[in-house]
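# Give the three-dimensional model of this entry:
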Amino acid sequence: MLNLLVNDLPTPFFTNKRGAAMKLNDVAIRKAKPEAKPRKLTDGGGLYVMIHPNGGKYWQLAYRFAGKQKTLALGVYPDVGLALARERRDEARKLIANGTDPSAVKQTQKRQAKVAAANTFEAVAREWIENRSNDWTEGHKALTLRTLEQDAFPSLGHRPIAEITPAELLATMRIIEKRGALEIASRVLQRSSAVFRYGIATSRCNSNPATELRGALKKPKRTHYTTIEKGGFPQLLRDIDGYQGSPFTTYALQLMALTFTRTSELIEAEWQELDLDRAEWLIPAERMKMRRPHLVPLSAQAVAAFREAAKLSGDRQHVFPNRNDPTKPASKAVILRALGRMGYTGKMTGHGFRSAASTALNEHKTKWGIHRDAIEVQLAHVEKNASRAAYNFAEYLDERRAMMQQWADYLDKLKAGAEVIPLQIKAA
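Predicted structure coming up:
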């Protein structure tokens with residue numbers, strides 16, 4: 001049976017002239033001195049201050065619940081003043097009156113706080129990134145983490161993921177927008193949404209506030225496709241052959257055009273991946289964006305460029321070794337810098353070679369007898385159709401081998417001026 005009476009409390013510290021008990025006041029608590037043994041200063045309703053020999057003063061509430069005498073800690077004086085201690089006592093007594101043990105409520109709150117502290121936005125985000133490690137390249141993983149570290153963690157990282165509101169998330173996006181980084185704001189929101197979805201799936205939160213922000217962000221100015229004027233792409237190919245910088249860079253640029261792989265895939269290439277006698281380059285899954293091995297059939301022109309690069313790199317691990325540290329690959333920025341030196345800033349990027357190849361091959365696929373899927377496989381694009389999710393890196397190999405030679409021969413014709421091609425190539 002619930003017993004609301006406070007039993008066995010010590011005699012009040014203060015009494016009036018008639019001997020009636022008086023409630024505590026702040027001055028009396030502040031001036032109370034410790035003794036050799038712990039002692040209590042009572043206030044009423046089960047509330048008292050326990051003064052320890054070391055001078056510590058602790059608020060406690062004595063109460064009975066379900067026939068048992070219990071004690072509830074209410075805080076440390078003076079951090080918790082007299083008024084606040086009384087408020088906490090009254091709240092506890094209301095719980096008791098309603099049949100709830102305040103000590104049990106406090107333990108539940110402690111557990112919830114501990115869970116919340118372990119499930120902050122940053123903690124869940126880092127777990128999400130690690131969970132996707134097998135699907136991402138190290139570069140993409142590092143970029144995703146860096147984006148969140150720079151633009152999401154400073155304001156949201158410490159917050160329990162279950163408590164973040166749409167308004168709070170929007171405030172973080174506005175900070176990014178204020179510096180004019182609209183593309184980054186969109187990307188951070190997209191990645192934050194993925195973190196919340198992971199949090200829901202792993203029972204760390206119940207909703208995704210990012211979904212409430214659709215249409216709330218400023219739309220970034222779309223990057224227009226830069227048109228290389230008629231004859232411009234052939235001139236670019238000629239400029240590459242006549243590049244006055246490092247021969248390594250010349251071969252890298254030539255191979256970007258011939259293989260249209262991603263910049264990192266080419267610049268970080270290792271000799272062990274290449275079989276020049278078989279005219280094949282097998283890029284391992286760990287270096288591919290979507291973590292799938294990718295076989296690149298090499299044209300005669302590509303094999304020749306690789307053989308020339310081999311004369312320069314010697315027995316080094318990488319096809320394009322870093323100038324300052326030959327044990328590492330060159331910087332991916334070498335392609336963009338070289339294009340800039342040749343006057344193609346804002347007109348061409350490493351990705352532009354992929355765009356050029358995709359455009360031209362799709363335009364010529366009927367004439368050259370190329371299946372659209374062969375082009376997509378060669379571009380290492382992931383098939384969205386689940387029934388085709390099992391990727392075979394040797395798929396359409398014979399057709400792709402012929403296609404890559406046709407493409408290389410076509411580039412030779414462009415350089416010689418036999419054909420011209422107006423291409424739409426993305427500058428950014």
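# and this structure, what are its domains?
For the chain, automatic domain parsing gives the domain ranges 26-111, 121-213, 226-426.
# can you list those in JSON lines and add mean pLDDT?
Formatted as JSON lines, the domains of the chain follow (pLDDT from 0 to 100):
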{"stretch": "domain 26-111", "mean pLDDT": "92"}
{"stretch": "domain 121-213", "mean pLDDT": "92"}
{"stretch": "domain 226-426", "mean pLDDT": "84"}
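# Pro220 is nearest to which of the ones you listed?
domain 121-213 (3.7 Å; CB to CB). C-betas here are computed from N, CA, C, even on glycine.
# re the thing from before, just put the domains of the chain in TSV and tack on mean neighbour count.
Compiled in TSV, these are given as follows (neighbours: other CB atoms under 10 Å):
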stretch	mean neighbour count
domain 26-111	15
domain 121-213	17
domain 226-426	17
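# Next, format the ones you listed as CSV and append distance to Pro220.
Formatted as CSV, the domains of the chain follow (distance: least, CB to CB, whole Å):
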stretch, distance to Pro220
domain 26-111, 43
domain 121-213, 4
domain 226-426, 14
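# closest to Lys219 out of those domains?
Between these, domain 121-213 lies closest to Lys219; by CB to CB that is 7.2 Å.
# Quote the end-to-end distance of that closest one.
18 Å (CA to CA, to the nearest Å).
# Check stretch 26-40 too.
Stretch 26-40 has its terminal residues 15 Å apart, counting by CA to CA.
# Run through the residues that contact Tyr396.
371, 373-374, 377-378 (CB atoms under 8 Å, 6 or more residues apart in numbering).
# Pick the one among those residues closest to Glu91.
Looking across the contacts of Tyr396 and measuring by CB to CB, the closest to Glu91 is Val377, at 66.9 Å.
# The closest one belongs to a helix?
Yes - membership of Val377 in a helix is supported by DSSP: H, G, I helix; E, B strand; the rest coil.
# my read: it touches Arg400, true?
Yes - counting by CB atoms under 8 Å, Val377 does reach Arg400; the two are 6.7 Å apart.
# sorry, back to before: will you turn the contacts of Tyr396 into JSON lines that also has distance to Asp26?
Converted to JSON lines, the contacts of Tyr396 look like this (distance: CB to CB, whole Å):
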{"residue": "His371", "distance to Asp26": "86"}
{"residue": "Asp373", "distance to Asp26": "81"}
{"residue": "Ala374", "distance to Asp26": "84"}
{"residue": "Val377", "distance to Asp26": "79"}
{"residue": "Gln378", "distance to Asp26": "80"}
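# What is the one helix or strand Glu308 maps to packed up against?
Assessed by DSSP states H and E, Glu308 sits inside helix 300-313. Contacts defined by 3 or more CB pairs under 8 Å, 6 or more residues apart in numbering; DSSP states H and E place helix 300-313 against helix 247-259, helix 397-416.
# Kindly recompute the last result at 10 Å.
For helix 300-313, the packing partners by 3 or more CB pairs under 10 Å, 6 or more residues apart in numbering; DSSP states H and E come out as helix 247-259, strand 274-275, strand 280-283, helix 397-416.
# and the helix or strand that it is followed by, what does it pack onto?
Sequence order places helix 333-341 as the next helix or strand after helix 300-313, per DSSP H and E. Contacts defined by 3+ CB pairs under 10 Å, 6+ apart place helix 333-341 against helix 232-241, helix 247-259, helix 263-267, helix 350-368.
# Pull the distance from the third one to the chain's centre.
Right, the one you point to is helix 263-267. 22 Å (CA atoms, centre = their mean, to the nearest Å).
# Check what contacts it and list those residues.
The contact list for helix 263-267 (CB atoms under 10 Å, 6 or more residues apart in numbering) reads 137-140, 248, 251-253, 255-256, 258-261, 273, 281, 283, 287-289, 294, 296, 318-320, 322, 329-336, 349-351, 353-354, 380.
# Same question for stretch 400-407.
Applying CB under 10 Å, 6+ apart, the set of residues contacting stretch 400-407 from outside is 257-260, 279-280, 295-302, 357, 360-361, 364-365, 367-371, 374-375, 377-378, 394, 396.
# need the contact list for Pro166.
Pro166 sits next to 207-213, 216 when contact means CB under 10 Å, 6+ apart.
# could the residues you listed be laid out in CSV, adding distance to Glu163?
Shown next, in CSV, are those (distance: CB to CB, whole Å):
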residue, distance to Glu163
Ser207, 11
Asn208, 14
Pro209, 10
Ala210, 15
Thr211, 17
Glu212, 15
Leu213, 17
Ala216, 20
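# Please list the members of these that lie in helices.
Per DSSP state H, helices hold no members of the contacts of Pro166.
# Between those, which sits nearest Ala152?
When the contacts of Pro166 are compared against Ala152 (criterion: CB to CB), the nearest one is Ala210, at 10.9 Å.
# residues in contact with the nearest residue to that closest one once chain neighbours are set aside?
Among residues not flanking Ala210 along the chain, Ser193 sits closest, at 3.5 Å (CB to CB, 6 or more residues apart in numbering). Going by CB under 10 Å, 6+ apart, Ser193 touches 169, 208-211, 213-214.
# farthest-separated two in these?
Pairwise over these, using CB to CB, the maximum falls at Leu169 and Arg214, 12.1 Å.
# shared neighbours of the two, which are they?
Counting by CB under 10 Å, 6+ apart, the residues touching both Leu169 and Arg214 are 189, 193.
# Not counting sequence-adjacent ones, nearest residue to Ala257?
Going by CB to CB, 6+ apart, Ala257 has Phe353 as its nearest residue, at 5.3 Å.
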